[in-house]
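Colleague: Give me a model of this one.
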Amino acid sequence: MGLDLDFVRAQFPAFAEPSLAGQAFFENAGGSYTCAPVITRLERYYRQRKVQPYGPYEASRLAGEEMDEARARLAALMGVAADELSFGPSTTQNTYVLAQAFRRWMDPGDAIVVTNQDHEANSGPWRRLADEGFDVREWKINPESGLLDPADLENLLDERVRLVCFPHCSNVVGAINPVVEITALAHAAGAFVCVDGVSYAPHGLPDVGGMGPDIYLFSAYKTYGPHQGIMVIRRELGHLLPNQAHYFNADTLYKRFTPAGPDHAQVAACAGMADYIDALAAHHGIKGDAATRNAGVHDLKRAHETALLQPLLDYLKARNSVRLIGPAEAAQKAPTVAVALSRPGAEAAAALAAHGIMAGGGDFYAVRPLEAMGVDPGRGVLRLSFVHYTSPAEIEQLMAALDDIL
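Modeller: The predicted structure follows:
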């Protein structure tokens, strides 16, 4: 049984919103539509439970229980322990806090590996550690393909490398990097691994426990939820790094790297993301424990997206007026499609808007990979990004619009 698209779209109020009727959404890499269970939980929290959580009275008890539920259920879906998952105001902020923890833990001369395929949020905080006397090494992409070669990483690894940071997939290149292989290489050299999953997680929450990275970061507002950063930090590393929160929270792993107080309502509403995954699993007959259900839903999403993506890639490959960034094979790529044009990407996005296509243009904070591939960040790219709720008709609408503007 394939993905039941009618059922999927019924879970998103945006598709019944009159103000959005007739418009096809192709800027999902910037933030997805929010699913109904998240909206329901968020509204309920603000109406019924907007009090300090974890108190002795009923509204407070329920508020705290919903926050704990969100953490436990999302962790179970990704195959990690509940205390290994924590929330923060954004992935950018979470990465900054982690960089400060590594700054205090490492010795001068120790090394960190970053890539120039990253969104700046998973690169800049680590790169700034060079100002503190640490060795920041760059794992460079192929300037033609935009891909990272694990063999190039091996040449950067030695006994001084403490951390390897890379994206699960880039927000402009879109290629899906082999997390398991890269993690194994880093671990064999004695380094920890930090994976930026912001651009991958919307296409299916990953099995973080099975893949093996020590840190995995993504954003709930791109995975059909509220504006929260979600980070998995495995227990060994989490207790090794110095506490970044209040000293009396040092013994609680999920509090150690969140120095700011949590947004109670948004954390609680994140349980709606698990509700949505479980609803998809139940509707499609996927049974088993949380991780098994998540894996089945992940595969349904990816199969649907891949089937829609290949015709779009073939269409773009056939046009001499565009440069397709990243792989041209859908199986190797998330449905985040960037193209360099003869005019600025933002202009092309504005032209598409007149055809009912909601897309984006610019550098998308991916200045380093664009420069490495010879694309002027000032002109940027046109980015066409979609997820599993996108329909074949919307892909056709997009290609018809592209015919008119290219």
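Colleague: Distance of N249 relative to C35?
Modeller: Between N249 and C35 the computed distance is 31 Å (Cβ to Cβ, to the nearest Å). For glycine as for every other residue, the C-beta is placed from the backbone atoms N, C-alpha and C.
Colleague: Could you check which of those two is surrounded by more residues?
Modeller: Comparing N249 with C35 by other Cβ atoms under 10 Å, the one with more neighbours is C35, at 24 against 15.
Colleague: what about the residue nearest to N249 when sequence neighbours are not counted, how many neighbours?
Modeller: Closest residue to N249 apart from its sequence neighbours, by Cβ to Cβ, 6 or more residues apart in numbering: K255 at 4.0 Å. For K255, the count of nearby residues is 18 (other Cβ under 10 Å).
Colleague: Buried residues, stretch 338-356. List them.
Modeller: Using 16 or more other Cβ atoms under 10 Å as the test for burial, stretch 338-356 gives A338, V339, A340, L341, P344, G345, A346, A348, A349, A351, L352, H355.
Colleague: Max pairwise distance over the residues you listed: which two?
Modeller: A340 and H355 (20.4 Å; Cβ to Cβ).
Colleague: circling back to that earlier point, out of the buried residues of stretch 338-356, which sit inside strands?
Modeller: Among the buried residues of stretch 338-356, DSSP state E puts A338, V339, A340 in strands.
Colleague: so how far is E329 from the last one?
Modeller: Distance check for A340 against E329: by Cβ to Cβ, it reads 19 Å.
Colleague: With Q23 instead?
Modeller: 29 Å.
Colleague: If you count surrounding residues, which of those two has more?
Modeller: Q23 (16 against 13).
Colleague: surely that one meets G356?
Modeller: Yes - because the distance of 4.7 Å satisfies Cβ atoms under 8 Å, Q23 is recorded as touching G356.
Colleague: ok, now which ones touch S90?
Modeller: S90 sits next to S219, H227, Q228, G229 when contact means Cβ atoms under 8 Å, 6 or more residues apart in numbering.
Colleague: Could you find the closest non-adjacent residue to Y54?
Modeller: Per Cβ to Cβ, 6+ apart, closest to Y54 is G64, 3.9 Å.
Colleague: what's the neighbour count on that neighbour?
Modeller: Neighbours around G64, by other Cβ under 10 Å: 18.
Colleague: which stretch of helix or strand covers it?
Modeller: When elements are assigned from DSSP states H and E, G64 belongs to helix 58-77.
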